[in-house]
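[1] sequence plus predicted model, see below.
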Amino acid sequence: MAKSKSTAQRGARRAAAKPAPETGAVSRAALAGAADPLLVRFNASIDVDRRLYRHDVRASRAHARMLGARGIISAADAEAIDRGLAEVEKQIDRGEMEWNLDLEDIHTHVERALQKRIGGAAGRLHTARSRNDQVATDLKLYLTQEAVPRLSTSVRGLMKALVTKARAHEGALLPGYTHLQRAQPMLFAHHLLAYVESFSRDLGRLESARARADECPLGAGALAATPFPIDRERVARELGFGRVTRNSIDAVASRDAPLEMLSACAIAMVQLSRLAEELVLWSAAEFQFVELSDAYCTGSSIMPHKRNPDAAELARAKAGRVVGDLVSLLTTVKGLPLAYDKDLQEDKEPLFDAVDSTADAFDVMAGVVLTLRVRTDRMLAAVSDGFLFSTDLADWLVEAGVPFREAHRAVGALVQECLRTGRKPADLSEEELKALHPKFDESARARLDARDSLRRRDVVGGPAPSRVAAELSRWEKELNLVRRVKPRRPR
Ligand code: ARG
């Protein structure tokens with residue numbers, strides 16, 4: 001067996017020998033002795049949840065004022081608590097809070113700092129509440145008033161960058177792809193607006209998640225509310241919540257609000273990673289459709305010629321990380337009995353990580369997109385691949401009365417003939433065309449033109465230049481990008 005006693009055994013001995021220190025966790029009232037040092041470290045969430053301090057202080061001030069207004073504590077105590085908490089917040093703002101693992105979490109730190117400032121009255125703040133409804137409240141304040149506004153700004157920032165870039169290259173053509181094979185001629189702007197469209201649904205997901213999270217849990221207590229005559233509506237109103245939660249068990253036990261936020265982040269990131277991947281691909285020598293700005297590339301430590309698209313690659317990778325954050329919390333919550341379980345303390349790390357990573361990734365990608373050099377010459381050269389027009393030729397036959405399946409067969413034979421003889425459709429003579437289908441004549445050749453092909457796709461949602469121009473204007477208005485002509489100041 002091991003020669004020395006395990007840390008746990010030593011900790012247990014120390015615990016038995018020492019009474020609970022006055023400065024220790026407030027919640028050990030019924031426990032004999034101090035906690036094992038390992039447990040103290042394992043149990044503490046302060047390194048993660050201290051960033052909730054502003055929300056925690058705000059919620060506590062609203063709670064104290066309500067307690068005072070309802071006569072549950074004296075007006076003088078409420079006033080002292082309220083002022084003291086404002087000072088505690090400033091103390092943390094200034095970086096003067098001493099963080100201490102013994103005090104577990106942000107709630108205990110704030111209360112202990114208040115006690116140091118105002119003494120005994122601080123002990124009345126926790127009347128009619130529990131850390132369970134307190135942490136649920138902080139979390140919902142964070143979600144609705146910090147996370148969603150920040151994420152929405154970042155997502156909108158990238159949408160603006162995409163619309164700006166699309167407008168700058170409104171007439172540029174590139175091949176559209178399916179299966180990463182050149183498929184049909186496409187407008188570059190239509191391609192970028194596809195991302196704008198999908199990111200706008202991410203905004204919608206964030207907003208609807210915010211709307212569902214917009215309820216104040218304070219007053220749910222540990223799980224069974226409180227016998228004191230509290231005014232939940234007042235606290236909710238003061239904190240800017242739309243309503244109060246309707247079931248005290250659900251209020252402290254549920255974590256679907258952070259789960260929805262994580263899921264919205266994961267979906268947004270997965271979509272972002274597709275844009276990132278396209279930019280990585282397009283900037284490779286094999287495509288050269290774009291050149292990423294040096295400001296968003298790095299060099300290689302060994303190959304002097306390298307320009308690595310790190311920003312886009314990392315945005316792509318962070319998608320995996322954020323999906324992991326979602327799975328982490330889903331797995332934590334799965335199978336937990338109601339109501340609060342300490343497992344739920346593990347909700348904040350993946351949540352903060354996902355929100356930070358998502359906002360950063362969208363911000364960085366907005367910079368990447370805005371500073372991108374678009375090689376319209378290279379994209380146009382790729383469009384000039386004559387096979388992109390096979391569908392247009394088939395459509396020409398259909399307009400001449402041929403059933404689509406028959407037209408498809410004839411153009412298929414045309415493509416085979418071209419491949420066999422190393423030519424492009426435009427190289428075939430009228431006789432050869434007629435041999436492939438008797439309805440073909442010279443005028444079919446006019447269809448071998450990308451702009452003609454696009455002009456004909458004039459349906460709602462289609463890539464006809466006029467449709468795309470209208471969509472660009474719609475998005476410019478929606479995103480407040482409408483260019484105002486600056487009046488020149490006369491000299
Ligand atoms: N730090 C805890 C958390 O984040 C606060 C709630 C603690 N509640 C409790 N009963 N121990 O979940």
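    Right, received. Where do you want to start?
[2] where does the closest residue to S60 other than its chain neighbours fall, secondary structure wise?
    Closest residue in space to S60, ignoring its immediate chain neighbours: L85 at 5.5 Å, by Cβ to Cβ, 6 or more residues apart in numbering. Every residue, glycine included, has its C-beta placed from N, CA and C. Element membership for L85, per DSSP states H and E: helix 75-93.
[3] please tell me how far the very next helix or strand once past that helix is from the chain's geometric centre.
    Note on helix 75-93: by DSSP H and E, the next helix or strand toward the C-terminus is helix 106-118. Chain-centre distance of helix 106-118: 34 Å, with Cα atoms, centre = their mean, to the nearest Å.
[4] what helices and strands are in contact with helix 106-118?
    Secondary-structure packing of helix 106-118 (3 or more Cβ pairs under 8 Å, 6 or more residues apart in numbering; DSSP states H and E): helix 46-49, helix 53-69, helix 75-93, helix 131-142.
[5] for the strand or helix carrying S273, buried residues please.
    In this assignment (DSSP H and E), S273 forms part of helix 256-282. Across helix 256-282, burial judged by 16 or more other Cβ atoms under 10 Å covers 257-269, 271-273, 275-276, 278-282.
[6] what's the answer for stretch 393-409, then?
    Buried, per 16+ other Cβ under 10 Å, within stretch 393-409: L393, A394, D395, W396, L397, V398, V402, A407, H408, R409.
[7] can you pull out the low-pLDDT segments for this protein?
    1-26, 483-487, 490-491 (pLDDT under 70).
[8] strands of the protein, residue ranges please.
    Along the chain, counting by DSSP state E, strands occupy 173-178, 181-187, 215-216, 243-244, 290-291, 373-374.
[9] which residues are in contact with the last one?
    By that I understand strand 373-374. K165, A168, H169, A172, F188, F289, V290, E291, L292, S293 (Cβ atoms under 8 Å, 6 or more residues apart in numbering).
[10] so which bits of the stretch 351-491 of the chain are right by the ligand?
    For the stretch 351-491 of the chain, no residues are found near the ligand under the criterion Cβ under 6 Å from any ligand atom.
[11] excluding its backbone neighbours, what's nearest the residue in the stretch 351-491 of the chain positioned nearest to the ligand?
    Per Cβ to the nearest ligand atom, L351 is where the stretch 351-491 of the chain lies closest to the ligand, at 11.1 Å. Spatially, and ignoring its direct neighbours in sequence, L351 is nearest to P258 (4.7 Å; Cβ to Cβ, 6+ apart).
[12] distance of the one you found relative to L139?
    Computed as Cβ to Cβ, to the nearest Å, the P258 to L139 distance reads 6 Å.
[13] shared neighbours of those two, anything?
    D347, L351.
[14] just checking, M261 touches E207?
    No - checked against Cβ atoms under 8 Å, the pair M261 and E207 is beyond contact range at 11.4 Å.
[15] state the number of residues packed around F42.
    By other Cβ atoms under 10 Å, the residues close to F42 number 10.
[16] what of V415?
    15.
[17] and H126, by the same measure?
    H126 sits with 15 neighbouring residues when counted by other Cβ under 10 Å.
[18] ok, now which ones touch it?
    Listed by Cβ under 8 Å, 6+ apart, the contact set of H126 reads E111.
[19] all set, thanks.
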